[in-house]
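In: Need the 3D shape of this:
(one chain, ligands or ions: 1)
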Amino acid sequence: MGTLAWLNGNFCELDDAKVGVQDRGFLFGDGVYDVIKIYYGRPFSLQAHLERLQRSSLAISIDIPYSLEEIEVVIGSLIKDSKCMSGFVYMQATRGCAPRDHYFPSGVTPTLLIYVLDIGMPASRDNLTPTDCITLPDERWMNCHIKSINLLPNILALQKAKEAGAGEAILYRADGTVTEGTRTNIFAVVDGTVRTHPESRHILTGITRNIALDILHNGNIRLAEKAFTIEDLSEASEVWTTSTGLEIAPVKNIDGQLVNKVVPGPICSFLIEEFWKKIEVECCG
Ligand code: PDD
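Out: Numbers count the residues shown, from 1 in each chain. Take a look at the predicted model:
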């Protein structure tokens with residue numbers, strides 16, 4: 001069976017899902033998206049992702065013509081019909097199809113695409129490979145809290161990382177403040193305190209980030225949602241990334257410098273353990 005999709009009210013194979021070339025997502029990148037991970041045949045943190053999709057779309061005045069409850073039903077059907085045990089749900093909403101003009105078109109129905117991508121093998125905490133990172137200037141816009149489909153700076157930075165033999169680029173602003181990765185949030189243990197950039201226009205408020213913060217808080221780990229600099233990062237005893245796709249991923253090397261001999265370190269190991277317990281409770285129960 002191919003990949004199952006749902007486009008503007010109709011189920012189909014992903015390859016048969018077609019939008020017009022005048023779709024504003026295609027012409028202008030005028031849209032938003034979200035990604036949910038499927039474990040054991042169930043979507044993880046579904047509600048948080050649906051709410052973020054809605055927040056992102058409302059932030060750019062796209063009024064998705066389906067309720068979150070309707071979208072939830074679609075996702076349930078897609079996962080069930082594709083018999084997907086492990087994979088992703090991708091959701092993308094654009095302002096719709098209209099003759100090219102920078103102004104918002106009137107009377108146009110937004111495009112909503114949802115599909116399920118089966119990754120074939122069961123997700124497992126044992127697949128954990130520490131990531132190597134490089135650091136790069138953050139060249140993105142001032143509204144990174146919106147999960148926009150405009151990912152060009154992210155893609156270019158990630159490609160540079162790949163060409164340097166790394167798995168992620170850690171982005172920093174002109175004053176040296178670390179914001180996040182190209183597709184992950186970044187945590188560092190600086191002077192014994194876990195730090196991550198606070199919610200702001202400079203980062204995406206990751207769902208995995210928020211779960212990690214909850215776990216650390218409940219574990220009475222010293223924690224501050226306080227930005228850190230590239231210099232702090234070079235002295236951190238532990239660094240990890242958080243994201244839907246890569247979960248909690250320890251960082252081994254940054255710009256060729258070893259973070260620590262033991263990776264993952266104790267706090268990251270605790271977090272991974274507790275994160276997987278959450279997955280199991282929510283998706284296996
Ligand atoms: N990326 N920061 C950025 C810029 C991201 O693109 C992502 C996620 C995150 C982590 O957010 P979350 O924990 O909610 O996945 C942080 C997704 C997975 C993607 O683009 O495929």
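
In: okay, now the nearest residue to residue 46 once chain neighbours are set aside: neighbour count?
Out: Nearest residue to residue 46, sequence neighbours excluded (Cβ to Cβ, 6 or more residues apart in numbering): residue 36, at 6.1 Å. The way it works is simple: take the backbone N, C-alpha and C, and place the C-beta from them, glycine included. Neighbourhood size, residue 36 [other Cβ atoms under 10 Å]: 24.

In: Checking residue 90 next. Helix, strand or coil?
Out: Recorded secondary structure, residue 90: strand (DSSP: H, G, I helix; E, B strand; the rest coil).

In: tell me the contacts of it?
Out: Counting by Cβ atoms under 8 Å, 6 or more residues apart in numbering, residue 90 touches 33, 35, 113, 114, 115, 116, 117.

In: again, only using 7 Å
Out: 33, 35, 115, 117 (Cβ atoms under 7 Å, 6 or more residues apart in numbering).

In: and the strand or helix carrying the first one, is it in reach of the ligand?
Out: Looking back up the chat, that one is residue 33. Secondary structure assignment for residue 33, by DSSP states H and E: strand 31-39. Yes. For strand 31-39, a contact with the ligand is found by Cβ under 6 Å from any ligand atom, at residue 35.

In: List of residues touching the helix or strand following that strand?
Out: Following strand 31-39 in sequence order, the next helix or strand is strand 42-43 (DSSP H and E). Residues outside strand 42-43 that contact it (Cβ under 7 Å, 6+ apart): 36, 75, 79, 89, 283.

In: from memory the second one sits against residue 89, does it?
Out: Yes. In this structure, residue 75 sits in contact with residue 89. The criterion is Cβ atoms under 7 Å, and the distance is 5.4 Å.

In: overlap in contacts of the two?
Out: Residues touching both residue 75 and residue 89 (Cβ under 7 Å, 6+ apart): 43, 114.

In: Specify which member of the contacts of residue 90 is nearest to the ligand.
Out: residue 35 (4.2 Å; Cβ to the nearest ligand atom).

In: which of the contacts of residue 90 sit farthest apart?
Out: The distance between the two most remote of the contacts of residue 90 (Cβ to Cβ) is 13.0 Å, for 33 and 117.

In: which outside residues touch the longest helix belonging to the chain?
Out: What stands out as the longest helix in the chain, according to DSSP state H, is helix 266-284. By Cβ under 7 Å, 6+ apart, the surrounding residues in contact with helix 266-284 are 39-40, 42, 44, 125, 189, 194, 211-212, 215-216, 219, 221, 238, 240, 247-248, 250, 264.

In: how long is stretch 131-149 from one end to the other?
Out: Counting by Cα to Cα, to the nearest Å, you get 25 Å between the two ends of stretch 131-149.

In: Can you classify residue 99 by secondary structure?
Out: Under three-state DSSP, residue 99 comes out as coil.

In: can you count the residues close to the residue nearest to it when sequence neighbours are not counted?
Out: Counting by Cβ to Cβ, 6+ apart, residue 99 lies nearest to residue 22, which is 6.2 Å off, once chain neighbours are set aside. A count of nearby residues for residue 22, using other Cβ under 10 Å, gives 14.

In: what sits against residue 22?
Out: Residue 22 touches 97, 98, 99, 100, counting by Cβ under 7 Å, 6+ apart.

In: check these against the ligand, which are close?
Out: Residues of the contacts of residue 22 in contact with the ligand (Cβ under 6 Å from any ligand atom): none.

In: with these in mind, which one is nearest to the ligand?
Out: The closest of these, once distances to the ligand are taken by Cβ to the nearest ligand atom, is residue 97, at 23.7 Å.
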